[in-house]
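Novice: Sharing a model prediction with you, sequence too.
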Amino acid sequence: MLGYRRFVGARTRLVLLFGGRSAEHDVSCVSAHHVAAAADRDRFEVIPVGITRAGQWRLADLPDPLLDRLDADGPRVAPAELFAEADTVVFPLVHGPMGEDGTLQGLLEVADVPYVGSGVLASAVCMDKAMAKLVCAQHGLPQCRYKTASAGNAAEANAREAIAELGLPLFVKPANMGSSVGVSRATTDFETVKALEAAAQYDQTLLFEEAVTGHEIEVAVLGNQDPEASVPGEVVPGAEFYDYADKYLTDGAELLVPAPIPEAAAQQAKHLAVAAHQALRCEGMARVDFLYEPGGRGMLISEVNTIPGFTPISMYPKLWEASGLPYPQLIEALVALAVERFERRRQHRRTDR
């Protein structure tokens, strides 16, 4: 990423979008705090804008010292006002639906403003885990066995079919949530039905996955047309699996960076992470999660996150730190990639008839 600085102006106006209307609102507020704290103020004028749970856009204060999280507690502001000024780049940190699923990216495309991360298509596909699995399967990328279902069908019938195909235990997830929201591990028929009912609170499309005995490995990817992969890291859950509380509330998980796995497995993870990033047409950044079966099927792609967490215990910045790219320089690289993509895509836009 040595050439990224040439895309960043003397001082860029960096609009941090955080909060949002999904169940991951609080995680986003913490991520925004840490990006704001790490951004080089000589290079960036940081404008934090929070989206409330009601969907209002509000300016946020940057007190000195910063609070543990940013909140959307300032005056209301219209998106058109934010994006009108020159040298503006938007950094979306809104996790989950109505932020990470292509809807916000579509707004930014219409506003004709550079923004960090993947575009509409990749954001939408990666947010929908079931659709992302279809794309990965089409490209021959290894995954664990899975099955989809609709929340509108009978939970008991869905549970029986999934158990017959995948066995027990298994995981039940809403297709369009992140941060393990709505995810349950089921070990019996009864628990599977209850897990379906819990997941159905968050999405119409539900996903069953086989329970893989192995290691949880994560790789950070950075880049547009020629992406690079970080060293892999391993998550050792403090709970039965790496759930929401383990990620953000209890700090119970152990993050091992780099992952204590054989070099051949590490290289396989890096190769597959870049392959998934490209197959799903991701840009800017992504975190690719794996389940690793040593002595078995090797690395199995679990999911791809286009707006990974940026909290102090989040893997994405930790992995790049371990790969030689500190947090402030990571922010610069992401902004530069946003500008590079914006300028490249602008060459293909035509307004003449």
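Specialist: Sure, I can see it.
Novice: Spatially, which residue comes closest to Val94, not counting chain neighbours?
Specialist: Leaving out its chain neighbours, the residue that sits closest to Val94 by Cβ to Cβ, 6 or more residues apart in numbering is Gly20, at 3.9 Å. C-beta coordinates here come from the backbone N, C-alpha and C atoms, glycine included.
Novice: make that Ala275, sorry
Specialist: Distance criterion Cβ to Cβ, 6+ apart; nearest residue to Ala275, sequence neighbours excluded, is Leu141 at 6.1 Å.
Novice: so that neighbour touches Val274, yeah?
Specialist: No. Using Cβ atoms under 8 Å, Leu141 is not in contact with Val274, being 11.0 Å away.
Novice: For the residue nearest to Val94, grab phi and psi.
Specialist: Dihedral pair for Gly20: phi 100, psi 180, per degrees, to the nearest 10.
Novice: That one and Gln138: what is the separation?
Specialist: Here Gly20 is placed at a distance of 30 Å from Gln138 (Cβ to Cβ, to the nearest Å).
Novice: May I have the secondary structure class of Arg287?
Specialist: The three-state assignment at Arg287 reads strand, by DSSP: H, G, I helix; E, B strand; the rest coil.
Novice: Tally up the residues packed near it, please.
Specialist: Neighbours of Arg287 under the rule other Cβ atoms under 10 Å: 23.
Novice: now do Ile51
Specialist: Using other Cβ under 10 Å, Ile51 has 24 neighbouring residues.
Novice: mind listing what the closest residue to it other than its chain neighbours touches?
Specialist: Spatial nearest neighbour of Ile51, chain neighbours left out: Gly19 (4.3 Å); criterion: Cβ to Cβ, 6+ apart. Applying Cβ atoms under 8 Å, 6 or more residues apart in numbering to Gly19 gives the contacts His25, Ser28, Cys29, Ala32, Gly50, Ile51, Thr52, Arg53, Asp71, Ala72, Val94.
Novice: Same question for Leu93.
Specialist: Contact analysis of Leu93 by Cβ under 8 Å, 6+ apart lists Leu16, Leu17, Phe18, Ser28, Ser31, Ala32, Val35, Ile307, Phe310.
Novice: I am assuming the third one contacts Val27, so please confirm or correct that.
Specialist: No. Between Phe18 and Val27 there is no contact, the gap being 9.5 Å when judged by Cβ under 8 Å.
Novice: Those two - which one has more neighbours?
Specialist: Taking neighbours as other Cβ under 10 Å, Phe18 and Val27 compare with Phe18 leading, 30 against 26.
Novice: you'd agree that one is in a strand?
Specialist: Yes. According to three-state DSSP, Phe18 belongs to a strand.
Novice: For the residue nearest to it when sequence neighbours are not counted, give its distance to Gln56.
Specialist: Distance criterion Cβ to Cβ, 6+ apart; nearest residue to Phe18, sequence neighbours excluded, is Ala32 at 3.5 Å. According to Cβ to Cβ, Ala32 and Gln56 sit 16 Å apart.
Novice: got it, and Val221?
Specialist: Separation of Val221 from Gln56 (Cβ to Cβ): 33 Å.
Novice: quick one, phi/psi of Asp203?
Specialist: Dihedral angles for Asp203 - degrees, to the nearest 10 - are phi -160, psi 160.
Novice: Contacts only, for it.
Specialist: Ala151, Pro174, Ala175, Asn176, Met177, Gly182.
Novice: can you give me the offset of the longest helix anywhere in the chain from its chain's centre?
Specialist: Secondary structure of the chain read by DSSP state H shows that its longest helix is helix 327-346. The chain centre lies 17 Å from the centre of helix 327-346; the measure is Cα atoms, centre = their mean, to the nearest Å.
Novice: Show me which positions of it end up buried.
Specialist: 327, 329-342 (16 or more other Cβ atoms under 10 Å).
Novice: Now for those residues: which two are most distant?
Specialist: Spatially, the most separated pair among the buried residues of helix 327-346 is Tyr327 and Phe342, at 23.2 Å (Cβ to Cβ).
Novice: I'd like the contacts of Leu93 as TSV, with pLDDT appended.
Specialist: Output for those, formatted as TSV (pLDDT from 0 to 100):
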residue	pLDDT
Leu16	97
Leu17	97
Phe18	96
Ser28	91
Ser31	92
Ala32	93
Val35	95
Ile307	95
Phe310	90
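Novice: and these, which are buried?
Specialist: Counted by 16+ other Cβ under 10 Å, the contacts of Leu93 give Leu16, Leu17, Phe18, Ser28, Ser31, Ala32, Val35, Ile307, Phe310 as buried.
Novice: got a markdown table for these, with distance to Glu165 too?
Specialist: A markdown table is the format used below for the buried ones among the contacts of Leu93 (distance: Cβ to Cβ, whole Å):
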| residue | distance to Glu165 |
| --- | --- |
| Leu16 | 43 |
| Leu17 | 40 |
| Phe18 | 40 |
| Ser28 | 35 |
| Ser31 | 37 |
| Ala32 | 41 |
| Val35 | 42 |
| Ile307 | 32 |
| Phe310 | 37 |
